[in-house]
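Engineer: I'd like to go over a predicted model; first the sequence, then the structure.
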Amino acid sequence: MLNRRIAEILRSSQPDESLLVQGWVRTKRELKGFAFIEINDGSSLANLQVVINEDVPDYETTIKNLNTGAAVEVAGVLVASQGKGQRIELKAEKLKVYGEADPETYPLQKKRHSFEFLRTIGHLRSRTNSFGAVFRVRNACSAAIHQFFQERGFLWVHTPIITASDCEGAGELFSVTSLDLKNIPRTDNQAIDYSQDFFGKPTYLTVSGQLEAEVMAMAFGNVYTFGPTFRAENSNTSRHLAEFWMVEPEMAFCNLEEDMDLAEAFLKYIFEYVLVKCPEDMEFFNQRIDNSVLATAENIINNQFERLTYTDAIKLLEKADVKFDYPVSWGLDLQSEHERYLAEQLFKKPVIVTDYPAQIKAFYMRLSDDEKTVRAMDILAPKIGEIIGGSQREERLDVLERRVISQGMKPEDLWWYLDLRRYGTVPHAGFGLGFERLVQFMTGMGNIRDVIPFPRTPQNAEF
């Protein structure tokens, strides 16, 4: 007998088909002589209704064990449904309960649970409608990212998780060590003796794969990374995670304008892909989570992004008839409230801000001719603020060395990165997208901890 996924059954199966379904019971309703159960296997938002007549073998025992949360296998024949809301249902001929769920202790019952509560049962929350929809959309976003770059001839590269360099220079790094923390070896001047550590030097979990992606771009032209990154930033907010996924394309022979063009096309592509692949889930978010989700997606897809310089953005913010919590002046970084004002209230669509002050941006960004700004760009989106950050990279050896030193870094620690400017340097550019920020933006979920299966945040590393 054919084993079928519920999404496929609901989409295309017809009455009189014999098939096998495996999943978890969402609800059970007993009547005289028969019972209804609804099964979900994670493939769709909708459940499959199963009708169980009392002539099914071991009816009484089986029905007793078919409680919400139980894992079950049902063999039967599809029939046209007599009830409202479903086209077909499965008439059971044989049932097998793989795993029971005690109705007295199973924490997911037929009621709405708060997201705060569901975070405490991260091993079970994926069985709810909200999280089923979140993780199907997350999966579709991942597929869209790979498809976008693969269609354009990009090489997917796997950059190291463990690194000796701090790409962003922010110092928010998780140390990786094999030293005995109860008996740390010391040098004569009492510094930690890293020569006895596993790698013989201080190492950390990566904050970005960008520098290594630049290495690969200098051989393959266009590459991208898509993997986990880590920030030891003690921010307990709805927008921060300590472990998250990053997408980072890097393009050789590319300037800032081409970088912006690719980033805009990239966002449009992903939103279009998800609307096609997950229409029911996106409609669910629009109805239950945020009624502007679909309008936001259409806004991304159908609008040309506004482009303006940081200097012009500051002028617009200084003229704004809005009282901001954070000050606005040239040389200060834009805060989320400033970014959202530009995207939500002023332009009412995504905005790309370029040419930021050099002192607030990373050492690897290309210094402009005025030597005050760098060729950087951020894409600001309504409702979330910055969603993509990128730049043209500094390809001139002398300028890059100067920038490294000015930011308190040692050129010898980045000898290999500087070598790229000694041997066959070219203009190149790239950007980074925080994957969870994208999923949060797309679904309208209020907390970033609810768009990753197992969130890692300050004081929390459960599951």
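Structural biologist: Received the coordinates, thanks. Owing to the predicted nature of the structure, the values given are computational and were not obtained by experimental measurement.
Engineer: any idea how far the closest residue to G132 other than its chain neighbours lies from Q287?
Structural biologist: Once flanking residues are discounted, G132 sits nearest to G42: 6.0 Å by Cβ to Cβ, 6 or more residues apart in numbering. C-betas here are computed from N, CA, C, even on glycine. According to Cβ to Cβ, to the nearest Å, G42 stands 20 Å off from Q287.
Engineer: more neighbours, the two?
Structural biologist: Ranked by neighbour count (other Cβ atoms under 10 Å), G42 and Q287 place G42 first, with 14 against 11.
Engineer: any idea how far F135 is from that one?
Structural biologist: For G42, the distance to F135 equals 8 Å [Cβ to Cβ].
Engineer: what is in contact with these two at once?
Structural biologist: S126 (Cβ atoms under 8 Å, 6 or more residues apart in numbering).
Engineer: quick one, helices of this structure?
Structural biologist: Counting by DSSP state H, the segments of the chain that form helices are 6-12, 59-65, 115-119, 129-151, 210-220, 256-277, 279-288, 293-302, 310-319, 336-340, 397-406, 415-422, 435-443.
Engineer: can you tell me which of the ones you listed the model trusts least?
Structural biologist: Between the helices of the chain, the one with the least mean pLDDT is helix 59-65; it has a mean of 91.
Engineer: Could you pull out the buried residues of it?
Structural biologist: Neighbour counts over helix 59-65 (16 or more other Cβ atoms under 10 Å) mark Y59, T62, I63 as buried.
Engineer: for stretch 405-420, same thing?
Structural biologist: L414, Y417, L420.
Engineer: Reformat the buried residues of helix 59-65 as CSV; add distance to L334.
Structural biologist: What follows is the buried residues of helix 59-65, written out as CSV (distance: Cβ to Cβ, whole Å):
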residue, distance to L334
Y59, 65
T62, 61
I63, 60
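Engineer: so which of those residues comes closest to G446?
Structural biologist: When the buried residues of helix 59-65 are compared for distance to G446 (Cβ to Cβ), I63 wins out at 39.1 Å.
Engineer: I figured that closest one was touching A35, is that so?
Structural biologist: Yes. Applying Cβ atoms under 8 Å as the test, I63 and A35 come out as touching, 5.4 Å apart.
Engineer: Which neighbours do the two have in common?
Structural biologist: K28, I52.
Engineer: Please identify the buried residues of stretch 292-303?
Structural biologist: Neighbour-count burial for stretch 292-303, with 16+ other Cβ under 10 Å as criterion, is recorded at V293, L294, T296, A297, N299, I300.
Engineer: ok, for the fifth one, nearest residue in space, not its chain neighbours?
Structural biologist: Same thing as N299. Among residues not flanking N299 along the chain, K349 sits closest, at 5.7 Å (Cβ to Cβ, 6+ apart).
Engineer: ok, back up a step: check contacts around the residue nearest to G132.
Structural biologist: G42 neighbours (Cβ under 8 Å, 6+ apart): G23, S126, R127, G132.
Engineer: ditto for L367
Structural biologist: Listed by Cβ under 8 Å, 6+ apart, the contact partners of L367 are A358, V374, R375, E394, V399, R403.
Engineer: Relative to T373, how far out is it?
Structural biologist: 8 Å.
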